[in-house]
Each structure stands twice: as C-alpha cells, then as structure tokens.
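Q: Got a predicted structure here, sequence first:
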Amino acid sequence: MNAAAHPEHGVEDLCPAGEKLYERALRDGGVAAGEAAEAPCLVRHGLLQPAVDDLDRLEPVPPAVALHRLLRASATRIADERRREERLAASFERLMRLGGDRTEPAAETPTLRILSGTDRINQVITDAMAEACRETLCIQPHAHYDDHRNEVARSRARARDQALLDRDGRIRTLYQHTQRHSPAILANCEALRGDVECRTLDELTDRLIVIDRAVAFIPAGEDGRLALEVRHPALLDYFVTTFERLWRLATPMYPSAVRPPAPDGVTARQRAIAALLVEGHTDAVIAKRLGMNVRTARVHIAKLATTLGSDSRAQLGYLIARSAILDREG
C-alpha cells in the first residue's frame, strides 16, 4: 500500500499499517520519516510528529497525550461528537499500555513542537484561538488576500478571528507597506466586528502569530508546510517585544490610514530605499526587501535622484549621505 492509495479514515479507526507503525514507534521511541509513507494517517492525525532536532525522524506522541487532546477538542463540537469520544477511548486503551508511564497531561504542551502539513498547522492554530480571550498579534509579510483559491481558508480564519473579538479580544496585524492599498485586506478588516488594528512597514520579519502571549507560531521551512509551535516563556517575551517595537515604527492602515509627511519632497518609502542604496544593494535586492517589483523600485530611485539632483548611482549615494535624510524619522 502506498500513500496515494491510503484509505481515508478517522483517528478512532486506525488502519492496520498505521497501528503497527505507531506501536513500533512507541517501543523504539521513533521511526524514520520515510517509513510513514505507508501510513500517512499518523502524521495527519498528530500521532507522529517531526523531531525538533532531526526533521528526518518522526517521534510518537504519547497515546495518553494524544487522547487527552482529541477528547478536549471534541467536547466543543456538536452532540454526535460524544459518540466519537467513546470510540477514541476504546481505540487508545491498548496503545496507552504500550506508552508506559508517559501519562501526565502536562506533557501535552511542550515548549517547542514541529507541526507538519498545512491542515495540521491550521487546526492547531484554530484550537489555540478557540482558547484565547485577550489578544492575537500577527505579522503577515506576504499575505495573498487577492488569491481566490484560498477563500475557504480565509473564511475559516475570519470565523476564528471573529470568535476572539466576540470574547472582547483584540487583533493587531502588521503588513508590508506595499499591501496598504489592497482592497481584499481592507475588506477582510471591515468584515470583522471588534477591536481590529492594522499597520504597515517597509520591511518585516517572517510570518509570526502570537496568541494570548501564551503560544506562538513561526515558519519552520520555506514552503509553508512546516511550522514551529512555541510555548517557551523567554521566546514568547522576545516575539512580543519584537512585535511591539515594529508596531511603534509602523504606519497606521486600519481603521484609519495615516500618510506620513514628506519633508523636502522625500517620502518615507524613498527614505527606506535610500537606506538600502547606501548599504550598496542592487535594485533587485531592494525590491525584494521592500516587497515591490524591480520596476517600481527603479521609479522610486529615479524620483529620489531627481529630488537630490543626482546624475549617477555613485553620486546618489554621496548625496543621500550628505543630505541627512536618513536621520529623519518616518
């Protein structure tokens, strides 16, 4: 049986291949990632997860821990989920004996955990949001709200955001400055009822979600299919401090947009470009750092050169340094 032919089933009805592999993982403390190809259900249902120190190895989630988490989630669902709880308990009874003494529920929330697969990542974020009551902080450097293919995912995200707002929570989001005129982003903000604020910056860190300052999610790979769930207090404090400093530097976008003044005809965007020019970056690098295309970056560079009276790239760097425009805030 290969992964493509693997039948769909719930976690309460583990397939023979999945049950056999999970039992071996419990006995041996883990299995090679490639061995899960015949039982992808174990990763999908969160029974195997990538080891933090070795992404090529999968380690088992203790059965009691997995059972505790699944039962807690099902308690919030509709009445017919109660029958599913009984099936889960029956399915995990023998597996719990294999798990030995690892029965403490506290082990359910390790300080670091690798999440694999977009469905798994979104479900864990949704579960964390369901328990939140204070505030969610988000950094979205490359939000593609105009991509209609992701409308279902966005609809689910809006629902969980609205649920937090209905509990008198707050949501603050940082976007890249090039997205400040996105109709889709503004429409998404306006669709939410409650305390929602958005600001923009020329340069941002990678994606970050901090929920109630108790758990954070950051990328663990470049393709978006791996994420790191963080519950370590020191790291959470670092993420929150970083967000707050970026927030103070950012330009308000929603609910009210503020256009900063342009002293001497030099805009805030052109000052950001000037800083990268002085560092010696190419037009392509500047465009990538500031989230714009190369043509737009060159238009801004040309305007900056005209404003400062520059005839060449080398002279422009000199005039930027002499003009002291980088000493201004904005």
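A: That came in fine, so what should we check first? Numbering: from 1, shown residues only.

Q: now the helices: where do they sit in this structure?
A: Assigned by DSSP state H, the chain shows helices spanning 16-28, 41-44, 63-74, 81-98, 118-131, 151-166, 183-191, 233-249, 268-278, 283-290, 294-308, 313-323.

Q: could those helices go into a markdown table alongside mean pLDDT?
A: Shown next, in a markdown table, are these (pLDDT from 0 to 100):
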| stretch | mean pLDDT |
| --- | --- |
| helix 16-28 | 90 |
| helix 41-44 | 88 |
| helix 63-74 | 76 |
| helix 81-98 | 74 |
| helix 118-131 | 92 |
| helix 151-166 | 84 |
| helix 183-191 | 84 |
| helix 233-249 | 93 |
| helix 268-278 | 81 |
| helix 283-290 | 84 |
| helix 294-308 | 82 |
| helix 313-323 | 77 |
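
Q: okay, the ones you listed, which one's buried deepest?
A: helix 41-44 (a mean of 22; mean count of other Cβ atoms under 10 Å). Yep, even glycine has a C-beta here, placed from its N, CA and C like the rest.

Q: Could you export that helix as PDB, CA atoms only?
A: What follows is helix 41-44, C-alpha atoms only, in PDB (Å, rounded to 0.1, in the frame of the first residue of the first chain):
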ATOM      1  CA  CYS A  41      -2.700   9.000   8.700                       C
ATOM      2  CA  LEU A  42      -0.300   9.000  11.700                       C
ATOM      3  CA  VAL A  43       1.200  12.400  10.800                       C
ATOM      4  CA  ARG A  44      -2.200  13.800   9.600                       C
END
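
Q: T251: neighbour count?
A: By the measure other Cβ atoms under 10 Å, the count of residues near T251 is 16.

Q: and the gap between it and E203?
A: For T251, the distance to E203 equals 13 Å [Cβ to Cβ, to the nearest Å].

Q: Kindly report the same for R248.
A: For R248, the distance to E203 - Cβ to Cβ - is 15 Å.

Q: Please apply the same query to Q315.
A: 26 Å.

Q: same thing with R231?
A: Distance, R231 to E203, using Cβ to Cβ: 28 Å.

Q: same thing with P40?
A: 38 Å.

Q: what do you get for A275?
A: Distance of A275 to E203, given as Cβ to Cβ: 10 Å.

Q: Also R158?
A: 27 Å.

Q: measure stretch 200-211 end to end?
A: Using Cα to Cα, to the nearest Å, the end-to-end distance of stretch 200-211 comes to 20 Å.

Q: Tell me the buried residues in it?
A: 200-202, 204, 207-211 (16 or more other Cβ atoms under 10 Å).

Q: Could you pull up the residues touching R295?
A: Counting by Cβ atoms under 8 Å, 6 or more residues apart in numbering, R295 makes contact with nothing.

Q: With L308 as the reference, measure out to it.
A: R295 sits 21 Å away from L308, taking Cβ to Cβ as the criterion.

Q: With A275 instead?
A: For A275, the distance to L308 - Cβ to Cβ - is 14 Å.

Q: Assess the claim that E59 and A25 are in contact.
A: Yes - in this structure E59 lies within contact range of A25 using Cβ atoms under 8 Å: 7.2 Å.

Q: Need the overlap of contacts for those two.
A: Joint contacts of E59 and A25 (Cβ under 8 Å, 6+ apart) are L48.

Q: Would you mind giving the buried residues of stretch 200-211 as CSV with pLDDT added?
A: Converted to CSV, the buried residues of stretch 200-211 look like this (pLDDT from 0 to 100):
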residue, pLDDT
T200, 90
L201, 88
D202, 85
L204, 85
R207, 93
L208, 96
I209, 96
V210, 97
I211, 96
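
Q: Looking at those, which two lie furthest apart in space?
A: Farthest pair in those (Cβ to Cβ) is D202 and I211. Separation: 26.3 Å.

Q: For R269, which non-adjacent residue is spatially closest?
A: Nearest residue to R269 in three dimensions, chain neighbours excluded: H300, at 6.2 Å (Cβ to Cβ, 6 or more residues apart in numbering).

Q: How about T242?
A: According to Cβ to Cβ, 6+ apart, the nearest residue to T242 is T205 (6.9 Å).

Q: any idea how far the one you found is from F239?
A: 9 Å.

Q: now A314
A: The value you get for A314 to F239, if Cβ to Cβ is used, is 40 Å.

Q: can you check L276 too?
A: 25 Å.

Q: so who does M253 touch?
A: By Cβ under 8 Å, 6+ apart, M253 lies in contact with 175, 180, 198-200.

Q: Of the residues you listed, which is the most crowded?
A: Going by other Cβ under 10 Å, Y175 tops those with 25 neighbours.

Q: OK, contacts around the residue lying closest to that residue once chain neighbours are set aside?
A: Closest residue to Y175 apart from its sequence neighbours, by Cβ to Cβ, 6+ apart: T200 at 5.0 Å. Neighbour list for T200: 174-177, 179-180, 250-251, 253 [criterion: Cβ under 8 Å, 6+ apart].

Q: Alright, calling it a day.
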